[in-house]
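Colleague: sequence unknown, structure follows:
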């Protein structure tokens, strides 16, 4: 499959040998809890993809990043999901590092270790609450005697929970007026009070290590807290904007990779009529073109509300396209393929969870309609 080969070549350029290593394992082994995928990712310098070159990383741009994630997603959906959480967090934080005073010296010291030491960043935003607004966390920080904060709460699911070296987590901290405001913590994973507990019960994406991370009276110094800056609480600041844009680009590409794995199997086996296969290719390549188009736009300077709206609209359009492509691909592969190998059923299921990642279509509907009509983008 030509465009998937391009994605694999891009992955090979940044992580020589990773594609071959992952392809050498059965899908069932890669996707099992405790499987070899995360270790292979670390061994092939995966953590440094979006770390700037001056910090020892690859310094990949948005287009290369989405292609790498598509290649990984096609080989190991679990690793794709887990790597996405690391990468979008790294991209968000290093983007802030280019600002004058957004990160402290201690935070920069931790980030400088990510690429050279292959450190993995876990991203704790979700809290296992139905219809949760990820910009309004229930994890709280209270002023601690002697300075800093005591943080309590739970993050679930939190990918890379078993392998993380650093934990980033959204938290509600009191501002100068005592009112709650959004902030992000950056903590070594061995900080006292951080513990990991079972949460993910599904066999789909089980190797992403998406379990519960609990914080119990975790002392966090002020210099490890990254505060948001938006004066209007309904608008996204630079931290949130960078996070939204990178997350949606990367996670969408992971699931395009999962769908591509199914489509490639149809093409290799010549299943269905040529018209069927053309329809399948049209659907998946349209999804690729949409996501890569936004990646190119972001690389070219698209930013702010326009960038966030673009990645969200693309994500929801791709979500629908992938569902159609997966359904058709499974039908064309046929009952014998479904019966004789677990891979077809697994990939069909693993292509679906894009719908579950935040923000949901329902929660963003009013904001996107208002933005399309000329208003500001207000994500609530």
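Modeller: Nice, thanks for sending it over. Every value quoted in this text rests on a predicted model; they were computed, and no experiment measured them.

Colleague: Which helix or strand in the chain has the lowest average pLDDT?
Modeller: strand 225-227 (a mean of 85; mean pLDDT, DSSP states H and E).

Colleague: tally of neighbours for residue 350?
Modeller: As a burial measure, residue 350 scores 29 neighbours (other CB atoms under 10 Å). In this view, the C-beta of every residue, glycine as well, is placed from N, C-alpha and C.

Colleague: likewise residue 352?
Modeller: Using other CB under 10 Å, residue 352 is surrounded by 15 other residues.

Colleague: wait, what's in contact with it?
Modeller: For residue 352, the contact set (CB atoms under 8 Å, 6 or more residues apart in numbering) comprises 323, 326.

Colleague: just use 857 as the starting number from now, easier for me
Modeller: OK, 857 is where the count begins now, so the last one is residue 1208.

Colleague: all helices of the stretch 857-1006 of the chain, in order?
Modeller: 858-870, 874-879, 883-886, 893-899, 918-931, 933-953, 961-967, 970-973 (DSSP state H, counting those that start in this stretch).

Colleague: name the helices or strands packed onto the fifth one?
Modeller: Under the contact criterion of 3 or more CB pairs under 8 Å, 6 or more residues apart in numbering; DSSP states H and E, helix 918-931 touches helix 858-870, helix 874-879, helix 933-953, helix 1094-1125, helix 1130-1155.

Colleague: same deal with the fourth one?
Modeller: Where contact means 3+ CB pairs under 8 Å, 6+ apart, helix 893-899 is packed against helix 874-879, helix 933-953.

Colleague: Present those helices as TSV; the columns should include distance to residue 1083.
Modeller: Shown next, in TSV, are these (distance: least, CB to CB, whole Å):
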stretch	distance to residue 1083
helix 874-879	36
helix 933-953	11
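
Colleague: can you pull the contacts of residue 1060?
Modeller: Residue 1060 neighbours (CB under 8 Å, 6+ apart): 887, 933, 1202, 1205, 1206, 1209.

Colleague: Which residue is the nearest non-sequential neighbour of the fifth one?
Modeller: With sequence-adjacent residues excluded and distances taken as CB to CB, 6 or more residues apart in numbering, residue 1206 is closest to residue 933, at 4.1 Å.

Colleague: just checking, residue 1043 is part of a strand?
Modeller: Yes - with DSSP: H, G, I helix; E, B strand; the rest coil as the criterion, residue 1043 is located in a strand.

Colleague: number of nearby residues for it?
Modeller: Counted with other CB under 10 Å, residue 1043 comes out at 24.

Colleague: what kind of secondary structure is the closest residue to it other than its chain neighbours in?
Modeller: Of all residues not flanking residue 1043 in the chain, residue 1023 sits nearest, at 4.9 Å (CB to CB, 6+ apart). Following three-state DSSP, residue 1023 is assigned to strand.

Colleague: beta partners for residue 1023?
Modeller: On the basis of DSSP bridges, residue 1023 takes part in beta bridges with residue 978, residue 1043.

Colleague: What separation is there between it and residue 1068?
Modeller: 12 Å (CB to CB, to the nearest Å).

Colleague: overlap in contacts of these two?
Modeller: Residues touching both residue 1023 and residue 1068 by CB under 8 Å, 6+ apart: residue 1014.

Colleague: Save the helices of the stretch 857-1006 of the chain as a markdown table, and put in mean neighbour count and distance to residue 1176 too.
Modeller: Listed next are the helices of the stretch 857-1006 of the chain as a markdown table, based on neighbours: other CB atoms under 10 Å; distance: least, CB to CB, whole Å:
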| stretch | mean neighbour count | distance to residue 1176 |
| --- | --- | --- |
| helix 858-870 | 18 | 19 |
| helix 874-879 | 18 | 28 |
| helix 883-886 | 17 | 25 |
| helix 893-899 | 21 | 28 |
| helix 918-931 | 27 | 18 |
| helix 933-953 | 26 | 19 |
| helix 961-967 | 15 | 37 |
| helix 970-973 | 19 | 35 |
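
Colleague: Mind putting those into TSV with mean pLDDT and distance to residue 1058?
Modeller: Formatted as TSV, those follow (pLDDT from 0 to 100; distance: least, CB to CB, whole Å):
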stretch	mean pLDDT	distance to residue 1058
helix 858-870	98	26
helix 874-879	98	21
helix 883-886	98	15
helix 893-899	98	17
helix 918-931	98	17
helix 933-953	94	11
helix 961-967	93	32
helix 970-973	97	29
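
Colleague: any chance of those helices in a markdown table, plus distance to residue 1120?
Modeller: What follows is the helices of the stretch 857-1006 of the chain, written out as a markdown table (distance: least, CB to CB, whole Å):
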| stretch | distance to residue 1120 |
| --- | --- |
| helix 858-870 | 6 |
| helix 874-879 | 12 |
| helix 883-886 | 13 |
| helix 893-899 | 19 |
| helix 918-931 | 7 |
| helix 933-953 | 14 |
| helix 961-967 | 37 |
| helix 970-973 | 31 |
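
Colleague: who wins for proximity to residue 907 among those?
Modeller: For residue 907, the closest of these is helix 970-973, at 4.1 Å, according to CB to CB.

Colleague: Could you check how far residue 1153 is from residue 899?
Modeller: With CB to CB as the criterion, residue 1153 and residue 899 are 33 Å apart.

Colleague: same check, this time on residue 1161
Modeller: From residue 1161 to residue 899 the distance is 39 Å (CB to CB).

Colleague: Residue 1002 now?
Modeller: The gap separating residue 1002 from residue 899 is 41 Å, by CB to CB.

Colleague: And the helices and strands packed on helix 918-931: which comes nearest residue 976?
Modeller: Nearest of the helices and strands packed on helix 918-931 (CB to CB): helix 933-953, 5.6 Å.

Colleague: Buried residues of the longest helix anywhere in the chain, list them for me.
Modeller: In the chain, assigned by DSSP state H, the helix with the most residues is helix 1160-1196. For helix 1160-1196, a neighbour-count test (16 or more other CB atoms under 10 Å) marks 1161, 1163-1172, 1174-1175, 1177-1179, 1181-1182, 1184-1186, 1188-1189, 1193 as buried.

Colleague: Repeat that for stretch 1135-1154.
Modeller: 1135-1137, 1139-1141, 1143-1144, 1146-1148, 1150-1151, 1153-1154.
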